[in-house]
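Enquirer: quick one, what's the 3D model for this:
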Amino acid sequence: MSALRDIATTLETRKELRREIRTTYAQTVATAYAVLGMGLLSLFLIEQINEGSVDAMLRSNVGRITLIAAGGIYAFGVWLVRRMTRVEV
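Expert: Predicted coordinates for the structure are as follows:
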């Protein structure tokens with residue numbers, strides 16, 4: 001009987017620990033997506049302030065490379081945060 005009680009207690013503790021970890025890391029993942037969204041919103045804001053600026057960036061090779069690099073860095077950051085917050089208990 002004691003062994004079954006210990007197993008049940010251990011399983012309940014692991015379940016609660018998983019829930020706490022998921023709750024803690026949910027904020028981190030949400031922040032990663034918020035940063036990604038801020039990058040996209042800043043691109044739209046630049047377009048609203050100075051119309052045609054994004055079009056001019058897309059026409060030049062330097063602008064295209066910069067936009068692709070920025071998108072890659074943002075995507076890598078989100079992937080990295082999601083990868084780091086994946087915890088098995």
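Enquirer: so where's this structure uncertain?
Expert: 88-89 (pLDDT under 70).
Enquirer: helices of that one, start to end?
Expert: 2-49, 53-59, 61-84 (DSSP state H).
Enquirer: how about these in JSON lines, adding mean neighbour count?
Expert: Just so you know, the C-beta spots here come from the backbone N, C-alpha and C atoms, and that holds for glycine as well. Shown next, in JSON lines, are these (neighbours: other C-beta atoms under 10 Å):
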{"stretch": "helix 2-49", "mean neighbour count": "11"}
{"stretch": "helix 53-59", "mean neighbour count": "12"}
{"stretch": "helix 61-84", "mean neighbour count": "12"}
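Enquirer: tell me the gap between stretch 14-29 and the middle of its chain.
Expert: What separates the centre of stretch 14-29 from the centre of its chain is 15 Å, taken as C-alpha atoms, centre = their mean, to the nearest Å.
Enquirer: got the CA positions of it in PDB?
Expert: Extracted C-alpha coordinates of stretch 14-29, given in PDB (Å, rounded to 0.1, in the frame of the first residue of the first chain):
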ATOM      1  CA  ARG A  14       5.000  15.700 -11.500                       C
ATOM      2  CA  LYS A  15       1.700  16.800 -12.900                       C
ATOM      3  CA  GLU A  16       1.700  20.000 -10.800                       C
ATOM      4  CA  LEU A  17       5.300  20.700 -11.700                       C
ATOM      5  CA  ARG A  18       4.500  20.400 -15.400                       C
ATOM      6  CA  ARG A  19       1.600  22.800 -15.000                       C
ATOM      7  CA  GLU A  20       3.800  25.300 -13.300                       C
ATOM      8  CA  ILE A  21       6.500  25.100 -15.900                       C
ATOM      9  CA  ARG A  22       4.000  25.400 -18.700                       C
ATOM     10  CA  THR A  23       2.500  28.500 -17.100                       C
ATOM     11  CA  THR A  24       5.900  30.100 -16.500                       C
ATOM     12  CA  TYR A  25       7.200  29.500 -20.000                       C
ATOM     13  CA  ALA A  26       3.900  30.600 -21.700                       C
ATOM     14  CA  GLN A  27       4.900  34.200 -20.800                       C
ATOM     15  CA  THR A  28       8.300  33.700 -22.400                       C
ATOM     16  CA  VAL A  29       6.800  32.400 -25.600                       C
END
